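*Asks:* A structural model of the following input is requested.
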Amino acid sequence: MWRVGEGNKIRFWKDKWVGGTSLCSRFPGLYAISNCKDSTVGELGGWTHNEWVWNLTWRRTRLEWEKNTRT
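*Replies:* I've put the predicted structure just below:
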């Protein structure tokens with residue numbers, strides 16, 4: 001089990017920090033278009049006004065069905 005903390009040691013896509021599967025295995029289509037395949041949780045998100053905000057970037061504009069995919 002992971003304790004995310006600041007997220008600087010957990011790789012967003014490759015580590016099993018949400019459930020028992022890595023996000024790259026769970027969402028291979030999104031992983032394929034990600035610009036941040038080796039980034040940590042802390043590099044891809046942060047607290048803004050007491051709310052966690054993700055800052056993921058993509059190689060192309062996501063298709064409508066990809067936008068509705070929840071991680």
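*Asks:* By mean pLDDT, flag the weakest helix or strand of the protein.
*Replies:* Sorting the helices and strands of the chain by mean pLDDT, DSSP states H and E puts helix 64-67 at the bottom, at a mean of 75.
*Asks:* what packs against that helix?
*Replies:* helix 28-33 (3 or more C-beta pairs under 8 Å, 6 or more residues apart in numbering; DSSP states H and E). C-beta: built from backbone N, CA, C; applies to glycine.
*Asks:* what is the mean pLDDT for the helix it packs on?
*Replies:* In this model, helix 28-33 has a mean pLDDT of 93.
*Asks:* mind listing what's buried in that helix?
*Replies:* 30, 31 (16 or more other C-beta atoms under 10 Å).
*Asks:* List the neighbours of it that are in contact with it.
*Replies:* With contact meaning C-beta atoms under 8 Å, 6 or more residues apart in numbering, helix 28-33 is reached by 13, 23, 24, 37, 58, 59, 60, 62, 66, 69, 71.
*Asks:* Return it as PDB; C-alpha atoms alone will do.
*Replies:* This file holds the C-alpha atoms of helix 28-33, laid out as PDB (Å, rounded to 0.1, in the frame of the first residue of the first chain):
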ATOM      1  CA  PRO A  28      -3.600   2.300 -22.100                       C
ATOM      2  CA  GLY A  29      -5.200   4.700 -24.600                       C
ATOM      3  CA  LEU A  30      -4.700   7.700 -22.300                       C
ATOM      4  CA  TYR A  31      -1.200   6.500 -21.400                       C
ATOM      5  CA  ALA A  32      -0.300   6.300 -25.100                       C
ATOM      6  CA  ILE A  33      -1.100  10.000 -25.700                       C
END
